[in-house]
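Enquirer: Prediction below, plus the sequence it came from.
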Amino acid sequence: MAFFGATLFGVRSGTPEPGYQVVARLGQVEIRQYNPLLAASVTIQGEELAARGAGFRRLAGFIFGGNTAKASISMTAPVAQTSAKIAMTAPVAQTRAGRAGWTISFYMPANYTMATLPRPNDPGIVIHEVPGALMAVYRYSGLPTASAGAKAHAALLGALSGSAWVPTGEPVDWFYDPPWTLPWARRNEAAVPVTPRD
C-alpha cells in the first residue's frame, strides 16, 4: 500500500497532519489507525533525492495556485492568498514506484473531498483517495538519508518481529521538516501497514 512515504521537504511548523489514533505501543513503535484522506501524487524517474526535489516542486506548484481554482496558501511569508485556499499537510510522502521511479505525495486537508478539491493544471499530478490504514510507526531524528531510512526500517521491522502485529507491505519514510531544520530537531518516521497477528 502506497499510503505514506518519504521526502526531504516537510513543513511541520503549525502544519496540519493526517488524523490518526494510537491504538498500541511496542517500545518506540506506535500502532496508529489513520483516517481516510485525499492525496496529490506525481511519479518522478531518477535518483531518490533528485526525485524528491523534482516531485516536491511540481506538487508545490499545484498547491500554490497551479490548479483550476488558482487557489494558493503561503508556506513562508509573503505569499498571496485567495479566498479558496489549499493547506499544506505533513508529511509529504515518497514511495518507490518500481522502474517508473518515485511517487511523491502531498496529503490534502480533511475539509476537501474529490468533488471540492481544485484540479491540478499539471497533467502528471493525480488526485486520489487514500483509505484509512493501520500503520506501525517508528520515529527518529537526523538527516533524511537513504542509510538513515534503512536503519529505521530495520528498527521498525525488528520491533514488529514476534509481536502481535504483522507487516502487510513495505516500509516507507515520512519526513516532516523543511530542509533548513537542524538534524537533531527533525521529525522523521518509518512506517509500515500492519494487521493483528492471528
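Expert: That came in fine, so what should we check first?
Enquirer: Would you state the helices of this protein in chain order?
Expert: All helices of the chain, identified by DSSP state H, fall at 48-63, 146-160.
Enquirer: Could you identify which of those helices has the lowest mean pLDDT?
Expert: Lowest mean pLDDT within those: helix 48-63, at a mean of 83.
Enquirer: about what we covered before: from the helices of the chain, which stretch is densest packed?
Expert: Among the helices of the chain, helix 48-63 has the highest mean neighbour count (mean count of other C-beta atoms under 10 Å), at a mean of 19. Just so you know, the C-beta spots here come from the backbone N, C-alpha and C atoms, and that holds for glycine as well.
Enquirer: contacting residues for the residue located most distally from the centre of the chain?
Expert: Distance to the chain centre peaks in the chain at residue 198, reaching 29.3 Å (criterion: C-alpha atoms, centre = their mean). By C-beta atoms under 8 Å, 6 or more residues apart in numbering, the contact set of residue 198 is empty.
Enquirer: ditto for residue 153
Expert: 171, 173, 190, 192 are the contacts of residue 153 under C-beta under 8 Å, 6+ apart.
Enquirer: 10 Å instead, please
Expert: Counting by C-beta atoms under 10 Å, 6 or more residues apart in numbering, residue 153 touches 138, 170-173, 190-192.
Enquirer: Likewise for residue 124?
Expert: So residue 124 contacts 41-44, 55, 58 (C-beta under 10 Å, 6+ apart).
Enquirer: Save the residues you listed as TSV, and put in distance to residue 25 too.
Expert: Listed next are those as TSV, based on distance: C-beta to C-beta, whole Å:
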residue	distance to residue 25
41	30
42	34
43	34
44	35
55	32
58	37
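Enquirer: now, which of these sits nearest residue 149?
Expert: For the contacts of residue 124, the minimum distance to residue 149 (C-beta to C-beta) is 16.3 Å, reached by residue 55.
Enquirer: ok, the closest one touching residue 126?
Expert: No. Checked against C-beta atoms under 10 Å, the pair residue 55 and residue 126 is beyond contact range at 12.0 Å.
Enquirer: Kindly list the single helix or strand of the chain that scores lowest on mean pLDDT.
Expert: When the helices and strands of the chain are compared on mean pLDDT, DSSP states H and E, strand 92-96 comes out lowest with a mean of 66.
Enquirer: Point out where the protein drops to low pLDDT.
Expert: Counting by pLDDT under 70, the chain contains low-confidence ranges at 1-15, 72-100.
Enquirer: From residue 193, how far off is residue 109?
Expert: Separation of residue 109 from residue 193 (C-beta to C-beta, to the nearest Å) stands at 23 Å.
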